[in-house]
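S.K.: test case, fold it:
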Amino acid sequence: MFFEEVLLFEDELHDHGVSGLSVKIRVMPSSFFLLLRFFLRVDGVLIRMNDTRLYHESDKTYMLREYTSRESKISNLSHVPPPLFTEPNEISQYLPVMEAMYEKLEFPLIPPEETSDSPKSTSPIKSL
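M.R.: Residues are numbered from 1 along each chain as shown. All right, here's what the predicted structure looks like:
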């Protein structure tokens, strides 16, 4: 139903590499998927990529979150063609995972008395 990719920031690191943060979102009829990606390349030194993925289905009371951090020194990537160093989607398969975290984020259940159909509760603070 909807897809968008937005570059939130990018810096050329004074011609010594690049850092950037982007977000991609895909909305389907019954779910959505979001990817937040930080990419860092310091020429001749390292490449790092941090990804946070969120997935939610409309009929579920939870959301799934996956965080991965990948990193490698450039010297360990001698078997990789250098043009791939500038393509986060291509270089990611060559970067080892340094950290991974998987979470199930559960939404709190709203008791029936707190729904919009019920009268609003009054504030304990009295006005003068």
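S.K.: which ones are touching residue 39?
M.R.: By CB atoms under 8 Å, 6 or more residues apart in numbering, the residues touching residue 39 are 18-22, 47-49, 88. Every C-beta, even on glycine, is put in place using the N, C-alpha and C of the backbone.
S.K.: buried among those residues? Need that as a selection in PyMOL.
M.R.: Buried residues among the contacts of residue 39 (16 or more other CB atoms under 10 Å), as a PyMOL selection:
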select buried, resi 18+20+21+22+47+48+49+88
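S.K.: out of the contacts of residue 39, who's nearest residue 97?
M.R.: Distances from residue 97 to the contacts of residue 39, taken as CB to CB, are shortest for residue 49 (9.9 Å).
S.K.: which of the helices or strands spans the residue lying closest to the closest one once chain neighbours are set aside?
M.R.: In space, not counting the residues next to it along the chain, residue 49 is nearest to residue 70; the distance is 4.7 Å by CB to CB, 6 or more residues apart in numbering. Per DSSP states H and E: residue 70 is located in strand 62-73.
S.K.: just the buried positions in that strand, please.
M.R.: Residues 63, 65, 68-72 are the ones in strand 62-73 that count as buried (16+ other CB under 10 Å).
S.K.: which secondary structure elements does that strand contact?
M.R.: Applying 3 or more CB pairs under 8 Å, 6 or more residues apart in numbering; DSSP states H and E, we find strand 62-73 packed against strand 46-57, strand 97-106.
S.K.: pLDDT weak spots in the protein?
M.R.: The chain contains residues with pLDDT under 70 at 114-128.
S.K.: if we can go back for a sec, from the contacts of residue 39, which single one is nearest residue 8?
M.R.: Of all the contacts of residue 39, residue 8 sits closest to residue 21, with 4.5 Å by CB to CB.
S.K.: that closest one touches residue 40, doesn't it?
M.R.: No - at 9.8 Å, residue 21 does not count as touching residue 40 under the criterion of CB atoms under 8 Å.
S.K.: I'm done for today, thanks for sticking with me.
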